[in-house]
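Student: the following block contains a protein sequence and its predicted model.
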Amino acid sequence: SSSSSSSKLPSSTRTSDKSNSATKHPSSKLSESTGNPNSFLPFLTSSSTSMSSRSLPEEYYDAWNKRDMKRASSVFSPDVEYDDTAFPEPFVGIDSLERHLNLCADALPASFSFVLDDIVDVGNRVMVRWHVENESEELPFTRGMSCYKIENGKIVSGTDWKEPAVFKTGGLELFAKSFFTKLKGEPYRLVPLAVWVTYCYVVFFSEWFFGLPAQALETRTWEEVR
């Protein structure tokens with residue numbers, strides 16, 4: 001099972017306490033709630049695989065933390081397709097992926113390491129939630145999740161999703177959706193918005209009302225206003 005391999009991991013790929021509880025008895029908990037331990041995620045399907053196949057992602061992170069990229073890449077299929085969403089295109093083929101891993105190893109300090117927080121293992125699909133630490137201190141904005149597909153004892157595909165950088169757009173997106181929803185239901189809200197936009201245009205960009213626009217004023221005028 002995934003838990004047995006997790007408990008034997010070296011410290012460089014240790015999992016948190018909540019990971020242990022999540023991976024110790026997944027089948028029993030899921031079967032109680034759904035009657036089918038594989039029905040909780042529609043895209044996860046179990047298959048008959050060996051113990052070594054089930055622990056391939058853990059072996060990968062262990063090798064990554066030791067900067068042994070040759071061993072890290074050995075768990076992947078020769079025609080692997082790996083989509084690290086921080087990059088514009090997926091890495092197709094083991095040579096392309098290994099070059100990427102070596103670039104990462106060269107770019108990041110040796111003290112940086114992945115720590116596995118949660119593992120969901122249902123045979124030929126493994127999902128891992130992780131974060132990055134520097135000398136046992138968690139780094140900000142380094143949380144992420146990876147999904148792997150395993151066939152014939154090798155990882156044939158993988159996808160990484162990383163936590164967004166410092167500027168997070170969730171609040172802004174909610175405000176925009178709320179604003180446009182209200183605008184659609186109450187079109188009269190558009191009137192003050194149109195007035196405000198027109199006013200800004202006239203003051204800062206237009207010359208047809210009250211002379212030159214504000215952006216054309218001399219610097220000393222702005223200093224006097226300030």
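Tutor: Looks like it came in fine.
Student: for residue 89, helix, strand, or coil?
Tutor: coil (DSSP: H, G, I helix; E, B strand; the rest coil).
Student: next one: it relative to residue 116, how far apart?
Tutor: 26 Å (C-beta to C-beta, to the nearest Å). Heads up, the C-betas are built off the backbone N, CA and C, glycines and all.
Student: when the two are compared, which one has more neighbours?
Tutor: More neighbours surround residue 116 than the other of residue 89 and residue 116, with 22 against 8 (other C-beta atoms under 10 Å).
Student: state whether that one is indeed within a helix.
Tutor: No - applying three-state DSSP, one finds residue 116 to be strand, outside a helix.
Student: residue 67: neighbour count?
Tutor: So residue 67, with other C-beta under 10 Å, has 17 neighbours.
Student: give me phi/psi at it?
Tutor: Backbone geometry at residue 67, expressed as degrees, to the nearest 10, gives phi 60, psi 30.
Student: dump the residue contacts of it.
Tutor: 105, 110 (C-beta atoms under 8 Å, 6 or more residues apart in numbering).
Student: what are the phi and psi values at residue 86?
Tutor: phi -80, psi -10.
Student: what does the one 3 residues further on give?
Tutor: Note on residue 89: backbone dihedrals following degrees, to the nearest 10 are phi -130, psi 150.
Student: quick one: it and residue 100, what's the gap?
Tutor: Using C-beta to C-beta, residue 89 is found at 11 Å from residue 100.
Student: all helices in the chain, in order from the N-terminus.
Tutor: All helices of the chain, identified by DSSP state H, fall at 2-7, 17-24, 26-34, 51-54, 56-65, 69-73, 94-107, 170-185, 190-204, 219-225.
Student: burial of the nearest residue to residue 154 once chain neighbours are set aside, as a residue count?
Tutor: The shortest distance from residue 154 to any non-neighbouring residue, by C-beta to C-beta, 6 or more residues apart in numbering, is to residue 77 (4.1 Å). Residue 77 has 18 neighbours, counted by other C-beta under 10 Å.
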